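1. sharing a model prediction with you, sequence too.
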Amino acid sequence: MCTKSFGVLHITLSSMIGGGPEHVWQLVRHLPDHITSFVAAPDTRPYGSRFLQAAGRERFCVMPQRKFSLLSLWRLIYFLKRNKIDIVHSHGKGAGVYGRIAALVTGIPNVHTFHGVHLPANQVKRRAYLSLERALCSISKACIVVSPGEASSAEALGLCSNKLVVIANGVEVGADLPQGTQPSPFSLVHVSRFDPVKNSLWLLDLAQGLRQVGLLDQCRFLLVGDGEELPTVRQKIQQHAMEKYFQILGSQPSSRPFLREAGCYISTSRREGLPLAVLEAQAEGIPAVVSRVVGNTDAVEDGITGFTYPLNDVPRAVECIRTLIENRDLWQRMRTAAYRRTKKHFSVECMARETAQLYKNILHA
């Protein structure tokens, strides 16, 4: 039976390294052929060129980087009408403002993906954000959350509670478990956009904790990414004379080559949606040691595919790392379990298939 074709516009206000742009890029590349994907995003590196290549120049609309402007909104609305788009899919907070206002003006159905329910620390800004988000949620036909933990957070805040759909983030998973042996020294890979949410500065506390128990000489930290806090991280490393133990790799086209050679992945985040870097590590058969926050606890099965530790708890995190270093049989078992769980529950094919079905349901309704 022939499936009817339709067009979907994906909107994101970031083309920088991060889980949101990676999610959009993977989704555009893996949706079924009967769905024509359009992208509205900044044309900056590194994802701007990837979006352009995946969608094609005629199906690409340039957006500002994390900034709202009425001119950009008008251009977006014109782009939607000119290309006869069937669904507007907004990704993230800023894109959600553009996408849902445009959907309201044009009458085109909107699907919104939160990519983490991140509340401002300031109480006034928090109340303003929640009021705006609740109003925008009334426009959306469906709101995607990328993990059960994120669904609980959204429901507790009264965000789209009757429209929430859980579709887990997906990553590319190979046909077989990658071969690997525990590296020496034991490498801890950390992928970050280096902002306060990622909490990457805490790695220095962790390194001090490893030094106190005599484990630091057996470890090396590999930091992948860039962001506002990276200069401070560099400064702290120098102040503590830890250049020997930290290698800063900066922005990379992909973190996968570094993950394949890792002893473990280390997450220090204060909050997450469903972290792609953790899933990618597990897809490579690498155990993850992650802070016990929403998103991380959905990605990692504690004691089976890796370990979780209370946020900023140095002794517990050190103990998790010690266990992986000293118990190689456990490390191998976790490798296998991490790969299998990611292949079963967090593949990009599964994510694309479930998203396509949601689009179909909305159009039929």
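-> Good, I have the coordinates.

2. now Lys360: how far from Glu354?
-> Using Cβ to Cβ, to the nearest Å, Lys360 is found at 11 Å from Glu354. Placement of C-beta: from N, CA and C, glycine included.

3. same question for Met63.
-> Applying Cβ to Cβ, the value for Met63 to Glu354 is 26 Å.

4. is Arg316 in a helix, a strand, or coil?
-> Classification of Arg316 using DSSP: H, G, I helix; E, B strand; the rest coil returns helix.

5. do the same with Val294
-> coil.

6. same question for Arg126.
-> helix.

7. what's near enough to touch it?
-> Leu119, Pro120 (Cβ atoms under 8 Å, 6 or more residues apart in numbering).

8. from Leu311, how far out is it?
-> 20 Å.

9. one more: Asn122?
-> The gap separating Asn122 from Leu311 is 21 Å, by Cβ to Cβ.

10. of these two, who's got more company?
-> A direct count of neighbours by other Cβ atoms under 10 Å for Asn122 and Leu311 places Leu311 higher, at 17 against 10.

11. give me the spatial nearest neighbour of the more buried one, chain neighbours excluded.
-> Ser291 (4.6 Å; Cβ to Cβ, 6 or more residues apart in numbering).

12. what about the closest residue to Gly295 other than its chain neighbours, which SS state?
-> Nearest non-adjacent residue to Gly295, counting by Cβ to Cβ, 6+ apart: Glu272, 2.8 Å away. Three-state call for Glu272 (three-state DSSP): coil.

13. quick one: residues contacting Glu272.
-> By Cβ under 8 Å, 6+ apart, the residues touching Glu272 are Gly116, Val293, Val294, Gly295, Asn296, Ala299.

14. same check, this time on Ser153
-> Val117, Val294.

15. any idea how far the residue nearest to Thr44 when sequence neighbours are not counted lies from Pro196?
-> Nearest residue to Thr44 in three dimensions, chain neighbours excluded: Ser15, at 4.8 Å (Cβ to Cβ, 6+ apart). If you measure Ser15 against Pro196 using Cβ to Cβ, the figure is 21 Å.

16. my read is the residue nearest to Thr44 is in a helix, agree?
-> No: looking at Ser15 with three-state DSSP, it is coil, so not inside a helix.

17. burial of Glu349, as a residue count?
-> Applying other Cβ under 10 Å, I find that Glu349 has 12 neighbouring residues.

18. make residue 1 into 54 and carry on from there
-> Yep, numbering from 54; the last one is Glu402 now.

19. so it is in which element?
-> helix 401-417 (DSSP states H and E).

20. and that helix, what's buried?
-> Under the neighbour-count criterion of 16 or more other Cβ atoms under 10 Å, helix 401-417 has Val401, Cys403, Met404, Ala405, Arg406, Thr408, Ala409, Leu411, Tyr412, Lys413, Ile415 buried.

21. burial count for Ala294?
-> 8.

22. against Gln265, how distant is it?
-> Distance of Ala294 to Gln265, computed by Cβ to Cβ: 15 Å.

23. about what we covered before: give the residue from Ser68 and Pro249 that has the larger number of neighbours.
-> More crowded of Ser68 and Pro249, by other Cβ under 10 Å: Ser68, with 25 against 12.

24. which ones are touching the more buried one?
-> Per Cβ under 8 Å, 6+ apart, neighbours of Ser68: Pro74, Ala94, Pro95, Asp96, Thr97, Arg98, Pro99, Tyr100, Gly101, Phe104, Gln118.

25. likewise Pro99?
-> For Pro99, the contact set (Cβ under 8 Å, 6+ apart) comprises Ser68, Met69, Ile70, Ser304, Pro306.

26. who wins for neighbours among the residues you listed?
-> That'd be Ser68 among these, by other Cβ under 10 Å, with 25 neighbours.

27. next, that one: phi, psi?
-> Backbone dihedrals for Ser68, given as degrees, to the nearest 10, come out at phi -120, psi 20.

28. wait, Phe299 sits on Ile290?
-> Yes: counting by Cβ atoms under 8 Å, Phe299 does reach Ile290; the two are 4.9 Å apart.

29. on that earlier part again, what's the closest of the contacts of Glu325 to Glu314?
-> Ala352 (20.5 Å; Cβ to Cβ).

30. in JSON lines, list the buried residues of helix 401-417 along with distance to Ala221 and pLDDT.
-> Listed next are the buried residues of helix 401-417 as JSON lines, based on distance: Cβ to Cβ, whole Å; pLDDT from 0 to 100:
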{"residue": "Val401", "distance to Ala221": "10", "pLDDT": "97"}
{"residue": "Cys403", "distance to Ala221": "7", "pLDDT": "96"}
{"residue": "Met404", "distance to Ala221": "6", "pLDDT": "97"}
{"residue": "Ala405", "distance to Ala221": "12", "pLDDT": "97"}
{"residue": "Arg406", "distance to Ala221": "12", "pLDDT": "97"}
{"residue": "Thr408", "distance to Ala221": "11", "pLDDT": "98"}
{"residue": "Ala409", "distance to Ala221": "15", "pLDDT": "98"}
{"residue": "Leu411", "distance to Ala221": "13", "pLDDT": "98"}
{"residue": "Tyr412", "distance to Ala221": "17", "pLDDT": "98"}
{"residue": "Lys413", "distance to Ala221": "19", "pLDDT": "97"}
{"residue": "Ile415", "distance to Ala221": "19", "pLDDT": "97"}
